[in-house]
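Trainee: Dropping the sequence and predicted coords here.
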Amino acid sequence: MAFPITKKHLFWAGIPESDWNNWHWQQASRVTKAAHLKNIINITEGEENALQSPEFLMGITPYYISLIDENNPDDAIRKQCIPQEGELLKNVDDFEDPLSEEHDMPVAGLTHRYPDRVLLYTTHNCPVYCRHCTRKRKVSNPASAATSTQIDLCIDYIRSHPEVRDVVISGGDPLSQSDERLFRIVQDLQDIPHIDMMRLGTRNLVTLPQRVTEEFAEGLRKLNMRDFDGRRKPVFVNTHFNHPKECTKEAAEACHRLLLAGSPLGNQSVLLKGVNDDPATMKELSIRLLSMGIRPYYIYLCDPVTGTSHFRTTVEKGLEIIDNIRGHTSGFATPQLVIDATLGGGKILIPNGIIGRYVGEDYTVWKLINFEKNIHYYVAPTDKSHYYERAGKPAPPEFDISELADTHLKSIVEKL
């Protein structure tokens with residue numbers, strides 16, 4: 001069955017359906033240059049400035065850019081894939097590697113932070129270079145490519161660590177690889193006795209759903225059906241929809257194929273200012289995801305990656321969004337709100353992990369406790385909407401800002 005076509009920009013009007021629905025053509029035809037982009041949309045002055053010196057390369061599939069309202073500078077998809085002037089701003093609390101993934105690598109390409117699971121970096125490629133990407137330091141950079149030898153060494157490490165039962169196969173986007181290479185990685189992992197499951201972390205369902213070919217789905221089905229003494233080792237798929245506009249007919253077809261292949265689907269959204277920081281938008285997204293067979297899993301507060309400060313919302317906005325989903329629709333539609341703590345703190349559930357805050361005029365520092373009972377801090381814009389008062393909930397206690405004097409946020413104390 002061919003993919004349906006939601007929208008094709010007039011720039012590609014002459015492209016036959018067979019090419020448009022071919023993921024190799026989509027990947028090869030990405031918009032990567034400013035001159036090309038100007039033939040497709042009317043760019044703003046701020047975008048023009050950002051394109052002059054992009055800190056992070058641009059790459060957008062014809063499919064994904066066709067979903068943009070080309071005359072709307074505030075379009076939610078536009079802001080996720082076209083360089084914005086805010087990317088040129090640098091904050092003292094920004095990080096190249098905010099989650100300290102490199103620090104927690106026992107071997108190159110493998111992050112082992114949690115007791116029983118690891119993250120395997122398999123490629124630097126993505127169909128679209130998302131402007132809020134946590135791995136800007138690596139993604140799109142050929143120097144960070146994961147060689148077959150590197151992946152083999154990672155799998156050797158996993159094989160020698162019986163405490164590991166769950167492997168997140170990531171990148172870049174692991175579906176940027178050939179079926180053969182990706183399925184070999186999955187099969188090698190399944191063959192390790194103590195591995196119970198794998199997760200593919202992919203945004204192809206959003207930015208290049210045509211990647212989920214019938215051949216790919218059949219290969220995945222065979223992997224999911226492998227028998228290990230009466231049990232399976234399922235391949236879960238976690239994806240990354242941020243806005244209802246992304247829930248197209250093509251995306252629904254790709255999800256349907258994966259579900260028939262036996263892979264459960266989950267979604268991890270990132271809360272982005274001007275994109276989806278609105279309760280009605282996120283509620284609609286959750287409902288649309290369920291209709292496509294995807295369980296809303298996490299909503300992340302935006303990581304403090306260099307060049308993403310313009311995307312960051314208040315923590316209270318995230319809490320308000322959860323308040324407007326939980327109880328108002330199906331429990332299945334209610335994701336968990338989390339902060340992925342800097343310096344390797346891991347995911348911290350919000351509000352459960354909040355133990356204090358310092359409220360400044362323009363920013364608030366949140367004091368958090370993680371699963372290891374370690375203290376971490378997160379900086380976000382200060383809420384001006386009086387969330388706790390409106391919600392009738394007690395605000396977290398204030399903490400002494402001098403605590404930050406010996407942390408990576410010591411510059412905040414120095415300014416006081």
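Mentor: The structure has been received and is ready for your questions. Numbering: from 1, shown residues only.
Trainee: residues touching Ser291, list them.
Mentor: By CB atoms under 8 Å, 6 or more residues apart in numbering, the residues touching Ser291 are Cys247, Ala252. C-beta here means a position set from N, CA and C on the backbone, and glycine is covered the same way.
Trainee: Phi first, then psi, for it.
Mentor: Ser291 adopts backbone torsions of phi -70, psi -20, taken as degrees, to the nearest 10.
Trainee: again, but for the one 5 residues further on
Mentor: In this entry, Pro296 is assigned phi and psi values of phi -60, psi 130 (degrees, to the nearest 10).
Trainee: check contacts around it.
Mentor: If a contact means CB under 8 Å, 6+ apart, then Pro296 has Gly266, Asn267, Ser269, Leu285, Ser286, Leu289, Leu290, Phe332, Ala333, Thr334, Pro335 as its contacts.
Trainee: And Val168, by the same measure?
Mentor: By CB under 8 Å, 6+ apart, the neighbours of Val168 are Arg117, Val118, Leu119, Leu120, Met198, Arg199, Gly201, Asn238.
Trainee: Could you give me the buried positions within the helix or strand it falls within?
Mentor: Taking DSSP states H and E as the criterion, Val168 maps to strand 166-170. Residues of strand 166-170 classed as buried by neighbour count (16 or more other CB atoms under 10 Å): Val167, Val168, Ile169, Ser170.
Trainee: same thing with stretch 135-148?
Mentor: So, applying 16+ other CB under 10 Å, buried residues of stretch 135-148: Arg135, Lys136, Arg137, Lys138, Val139, Ser140, Ser144, Ala146.
Trainee: just stretch 397-414 next, same as before
Mentor: Phe399, Glu403, Leu404, Thr407, Leu409, Ile412.
Trainee: Give me the lowest-pLDDT entry from those residues.
Mentor: In terms of pLDDT, the lowest of these is Ile412, showing 75.
Trainee: What helix or strand is it located in?
Mentor: Using DSSP H and E, Ile412 sits in helix 410-415.
Trainee: Where do the strands of the chain begin and end?
Mentor: Applying DSSP state E to the chain gives strands spanning 110-114, 117-121, 166-170, 197-201, 235-239, 265-271, 294-301, 336-341, 346-349, 354-359, 363-369, 375-381.
Trainee: Relative to Phe311, which of those is closest?
Mentor: When the strands of the chain are ranked by proximity to Phe311, the top entry is strand 265-271, at 8.0 Å, counting by CB to CB.
Trainee: what's that closest one packed up against?
Mentor: Under the contact criterion of 3 or more CB pairs under 8 Å, 6 or more residues apart in numbering; DSSP states H and E, strand 265-271 touches strand 235-239, helix 249-260, helix 279-291, strand 294-301, helix 315-323.
Trainee: Among these, show me which one is buried the most.
Mentor: With neighbours defined by mean count of other CB atoms under 10 Å, none of these is more surrounded on average than strand 235-239, at a mean of 23.
Trainee: Okay, now the sheet partners of that strand, with direction.
Mentor: With DSSP bridges as the test, strand 235-239 is paired with strand 197-201 (parallel), strand 265-271 (parallel).
Trainee: Now do the first one: distance to the chain's middle.
Mentor: Relative to its chain's centre, strand 197-201 lies at 14 Å (CA atoms, centre = their mean, to the nearest Å).
Trainee: That one versus strand 166-170: what angle between them?
Mentor: Relative orientation of strand 197-201 versus strand 166-170 (axes from the mean of the first three to the mean of the last three CA atoms, to 10 degrees): 20 degrees.
Trainee: Same question for the last one.
Mentor: Angular relation of strand 265-271 and strand 166-170 on a 0 to 180 degree scale: 60 degrees, by the same axes, to 10 degrees.
Trainee: List of residues touching strand 265-271?
Mentor: Strand 265-271 is contacted by residues 132, 236-242, 255, 258-259, 276-277, 282, 285, 289, 292-303, 311, 313, 317-318, 321, 335 when judged by CB under 8 Å, 6+ apart.
Trainee: Give me the mean pLDDT for it.
Mentor: Mean pLDDT, computed over strand 265-271, is 98.
Trainee: Next, the buried residues of that strand.
Mentor: Buried residues in strand 265-271, counting neighbours by 16+ other CB under 10 Å, are found at Leu265, Gly266, Asn267, Gln268, Ser269, Val270, Leu271.
Trainee: which of these lies closest to Glu180?
Mentor: Taking CB to CB as the measure, Glu180 lies nearest Leu265 of the buried residues of strand 265-271, at 23.3 Å.
Trainee: which one is that closest one nearest to, not counting chain neighbours?
Mentor: In space, and not counting its chain neighbours, Leu265 is closest to Ile294: 4.3 Å by CB to CB, 6 or more residues apart in numbering.
Trainee: is it true that the one you found touches Asn238?
Mentor: No. Counting by CB atoms under 8 Å, Ile294 stays clear of Asn238, with 9.4 Å between them.
Trainee: residue ranges with poor pLDDT in this protein?
Mentor: Along the chain, the model assigns pLDDT under 70 to residues 54, 413-416.
Trainee: Please list all residues in contact with the residue nearest to Leu265.
Mentor: Going by CB under 8 Å, 6+ apart, Ile294 touches Thr239, Phe241, Cys255, Leu265, Gly266, Asn267.
Trainee: same thing with Glu316?
Mentor: Neighbour list for Glu316: Asp383, Ser385, Tyr387, Tyr388 [criterion: CB under 8 Å, 6+ apart].
Trainee: Show me what Ile348 is bridged to.
Mentor: According to DSSP bridges, the partner residues bridging Ile348 are Ile339.
Trainee: if we can go back for a sec, next, format the helices and strands packed on strand 265-271 as CSV and append distance to Leu343.
Mentor: CSV is the format used below for those (distance: least, CB to CB, whole Å):
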stretch, distance to Leu343
strand 235-239, 23
helix 249-260, 35
helix 279-291, 28
strand 294-301, 16
helix 315-323, 18
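Trainee: Give me the neighbour count for Cys130.
Mentor: A count of neighbours around Cys130, defined by other CB atoms under 10 Å, yields 22.
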